[in-house]
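Enquirer: Fold the following and give me the result.
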Amino acid sequence: MASIQIEQNETRAVVRLNEPLTSAFAAELRPRLQEVVATGTTQLAIDLSSVDLVDSAGIGLLIAARNSLAKVGGTMRIIGVSAEIQHLFKVMRLDRHFQIEGIQGVGSPS
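Expert: Take a look at the predicted model:
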């Protein structure tokens, strides 16, 4: 299975990631996200349902993608987020900048 799967139509895109969002993978993902935004996407969803780790480089990439979309009036959601990663995003207050949706049926930790 490819580590990045992109479904795109008109102004919407879903990017599914299938490996940890770490610095090595962020370097591979960055140009793919830039390409998605450059082709006119204004509604982007990043699916992390197969991701069990996000490091600081991965967080930086998500923020950069969000900022690029904001410049063109777009929005970004992060979907399929595990409870652990959802907790990390909340502690880092990223939930104030992203719409974050957990994995179906999994609540965020207390």
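Enquirer: how near is the nearest residue to residue 56 once chain neighbours are set aside to residue 30?
Expert: Once flanking residues are discounted, residue 56 sits nearest to residue 23: 7.9 Å by CB to CB, 6 or more residues apart in numbering. C-beta: built from backbone N, CA, C; applies to glycine. Distance, residue 23 to residue 30, by CB to CB, to the nearest Å: 11 Å.
Enquirer: do the same with residue 24
Expert: 11 Å.
Enquirer: So what does residue 102 look like in phi/psi?
Expert: phi -70, psi 170 (degrees, to the nearest 10).
Enquirer: does the residue positioned nearest the centre of the chain sit in a helix, a strand or a coil?
Expert: By CA atoms, centre = their mean, the mean C-alpha position of the chain lies nearest to residue 46, the distance being 3.5 Å. Using DSSP: H, G, I helix; E, B strand; the rest coil, the structure places residue 46 in strand.
Enquirer: follow-up on the earlier one: wait, what's in contact with the residue nearest to residue 56?
Expert: Shown in contact with residue 23 (CB atoms under 8 Å, 6 or more residues apart in numbering): 55-58.
Enquirer: next one: residue 33
Expert: Applying CB under 8 Å, 6+ apart, the residues contacting residue 33 are 15, 44, 61, 65, 68.
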